[in-house]
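Q: Test case, fold it:
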Amino acid sequence: MLHLSRTKKNEKYKPLKNLERESDNEEGDVARYEALVNALRDNEAIVEPEGPLAGFTNLPDVSRARGVPSSLTPQRWAVRPFPHPGARGAYMQLIEDAAASHALDPLLVYCVAELESGFQSGAVSPKGAQGLMQIMPATQKELGLSSPFDPAQNIAAGTRYLRWMLDSFKSVPLALAAYNAGPEAVRKYGGVPPYGETRRYVAFIMSRYGRLKGLEMEREENAG
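A: Have a look, this model is predicted:
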């Protein structure tokens, strides 16, 4: 049995697949490893982190949606539990209040914060973006944000910036692209910039947002 966890072994663990050692070569090792990973996935034993790594400024700058494990796809991200464990209670109310103030769907604001920081208020990206909504220092000045790690201020400022982007581009995907890559990049390319990170960022949030909106509509129909 291969134990892939920081949790100590206990009686709850059981073998999912027996892998016989067939050879002593590297190719055989790779095949056995792939078979093990596939077995773990088939048995839903691989669980992705509930939130992205954040708060580290010495991490390499990867060209994917900020903080998202490379093993995740937009479709898998979309079906994560809602709300995020870190967003329950006060954060959800802050999102509701900020969204109402700027005429935005709170679910959209939620999705941005979830992907940006995993609801870790002290998050700092490798590029210097800070707080729950991951706002860059230059943008903080534009928004008058003086305490980027204060949840209420950060959510209010990030929501206002998202509203600006939506007013400028009249499209949710383009507003998200501008939030991630900057409005200048969207104007330059006349759409979502051809940056891998930005395209994945938009895909992840749109997939998650669509999923949550569908669940919301379903609940409303059932309630009616």
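
Q: quick one: Tyr91 from Ser117, how far?
A: 10 Å (Cβ to Cβ, to the nearest Å). Yep, even glycine has a C-beta here, placed from its N, CA and C like the rest.

Q: which residues are in contact with both of the two?
A: Counting by Cβ atoms under 8 Å, 6 or more residues apart in numbering, the residues touching both Tyr91 and Ser117 are Leu132.

Q: Between these two, tell me which one has more neighbours.
A: Each of Tyr91 and Ser117 has its neighbours counted (other Cβ atoms under 10 Å); Ser117 has more, 28 against 20.

Q: Can you report how many residues neighbour Pro126?
A: Neighbourhood size, Pro126 [other Cβ under 10 Å]: 13.

Q: Any regions of the protein where pLDDT drops low?
A: Scanning the chain for pLDDT under 70 picks out 1-71.

Q: so what secondary structure elements neighbour the longest helix seen in it?
A: In the chain, taking DSSP state H as the definition, the longest helix is helix 196-223. With contacts taken as 3 or more Cβ pairs under 8 Å, 6 or more residues apart in numbering; DSSP states H and E, helix 196-223 sits against helix 74-78, helix 106-117, helix 172-181.

Q: Throw the ones you listed into CSV and include distance to Asp97, thanks.
A: Shown next, in CSV, are the helices and strands packed on helix 196-223 (distance: least, Cβ to Cβ, whole Å):
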stretch, distance to Asp97
helix 74-78, 25
helix 106-117, 9
helix 172-181, 20
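
Q: At which residues are the helices of this structure located?
A: Ranges of helices within the chain are 26-42, 74-78, 90-101, 106-117, 137-143, 151-169, 172-181, 183-189, 196-223, based on DSSP H.

Q: Restrict the shortest one to CA atoms and write it as PDB.
A: C-alpha atoms of helix 74-78 as PDB (Å, rounded to 0.1, in the frame of the first residue of the first chain):
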ATOM      1  CA  PRO A  74     -12.500  23.900 -15.300                       C
ATOM      2  CA  GLN A  75     -15.100  21.200 -15.200                       C
ATOM      3  CA  ARG A  76     -13.700  19.600 -12.000                       C
ATOM      4  CA  TRP A  77     -13.300  23.000 -10.500                       C
ATOM      5  CA  ALA A  78     -16.900  23.800 -11.200                       C
END
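
Q: Run through who's touching that helix.
A: Residues outside helix 74-78 that contact it (Cβ under 8 Å, 6+ apart) are Glu48, Val68, Leu115, Arg200, Ala203, Phe204, Met206, Ser207, Arg208, Gly210, Arg211.
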